[in-house]
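1. sequence below, structure please.
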Amino acid sequence: MFIATLIAASGLGSSTVTEAYARLASVGCVPGDWRWVEEGEAADIPFASDPVAARAAIEGMFSATDIVVQAEETRAKKLLVADMDSTMITVECIDELADYAGIKPQIAEVTERAMRGELDFAAALDARVALLAGLEEAMIDRCLAERVTIMPGAKALVRTMRAHGATTILVSGGFTRFAEPVAREIGFDRAIANTLDLADGRLIGTVGKPIVDAAVKQATLEAAAEGMDRALTMAVGDGANDLAMIGVAGLGVAYHAKPVVAAAAGARIDHNDLSALLFAQGYARSEWVGE
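-> Residues are numbered from 1 along each chain as shown. Okay, the predicted model is just below:
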């Protein structure tokens, strides 16, 4: 059996669920009795066949409502691998760090193009970091304190999954000086990210090699999933360098993502915060930890 989970950002009525049920029936998915995951917020519609047709029939059809379609048996995931910038936190750290150097517009433009998949990620990262040469190391901690905000729903997602036995890994094309404290605050098991090279209390404009890029993100998921049913894994990200891990995960999620990612992912969260991924796994609010 499969499950289509409807998650509404501003209230979910039974009429919407009933309409989704009818759409699934119309394309031969053979839906069963629907049920609330959380009344007025999220509902499950089980169905017997053709998840591709099901997704096509109902995704994007209802206002401010995200829809996740997956196999029922493996919906509660045992591994989460997540991107950091604009996914687990609300900003792109390199852009905010650049603001302290007075060059945010130049760097933000390159970041946006790299996340859309228009530039090679590693080359774009090297180019951006080179522009930060000479910036005081103290600006890293200042940026962390003043600019970095945890994404709504991130703590509940990670802590609830861990409470139910999942492993959680933050893997970022950003920097350890941000990723490690962010991972601790949210509750991840561990963090993987790039290292900014420093000398005499200043950035020297280079990044430690090898760079954490799309291939490293994919390899991280594959290594952590070894011996596990891949269907029990979830990857979440927003940019082009997340495509590889999203593509190999049991459930690859595009979170408020760039178009190239949204088009390729197995699920997309466009309207809700990260806690939607708890409803998608069948967890009612009463089961959440650390909201």
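
2. quick one: pLDDT of the closest residue to residue 48 other than its chain neighbours?
-> Spatial nearest neighbour of residue 48, excluding adjacent residues (Cβ to Cβ, 6 or more residues apart in numbering): residue 30 at 3.8 Å. The C-beta positions use only the backbone N, C-alpha and C, and glycine is treated the same way. Among the per-residue scores, residue 30 shows a pLDDT of 97.

3. shaky segments in this structure?
-> Low-confidence segments of the chain (pLDDT under 70): 291.

4. ok, back up a step: number of residues surrounding the residue nearest to residue 48?
-> Using other Cβ atoms under 10 Å, residue 30 is surrounded by 14 other residues.

5. the one 4 residues further on too?
-> The local packing of residue 34 (other Cβ under 10 Å) involves 18 other residues.

6. please, where are all the helices along the stretch 151-291 of the chain?
-> If DSSP state H, counting those that start in this stretch is used as the criterion, the helices of the stretch 151-291 of the chain fall at 154-163, 176-186, 214-224, 243-248, 259-264, 276-280.

7. my guess is the residue nearest to residue 48 contacts residue 45. True?
-> No - using Cβ atoms under 8 Å, residue 30 is not in contact with residue 45, being 10.9 Å away.

8. could you look up the SS state of the residue nearest to residue 50 when sequence neighbours are not counted?
-> Closest residue to residue 50 apart from its sequence neighbours, by Cβ to Cβ, 6+ apart: residue 29 at 5.5 Å. Classification of residue 29 using DSSP: H, G, I helix; E, B strand; the rest coil returns coil.

9. now do the contacts for residue 29.
-> Shown in contact with residue 29 (Cβ atoms under 8 Å, 6 or more residues apart in numbering): 2, 47-50, 53-54, 57.

10. again with residue 4
-> With Cβ under 8 Å, 6+ apart, residue 4 has these contacts: 20, 24, 31, 44-45, 47, 54-55, 58, 67-69.

11. next, count neighbours for residue 73.
-> So residue 73, with other Cβ under 10 Å, has 12 neighbours.

12. quick one on the thing from earlier: what's the most buried one of the helices of the stretch 151-291 of the chain?
-> Stretch with highest mean neighbour count among the helices of the stretch 151-291 of the chain: helix 276-280 (a mean of 27; mean count of other Cβ atoms under 10 Å).
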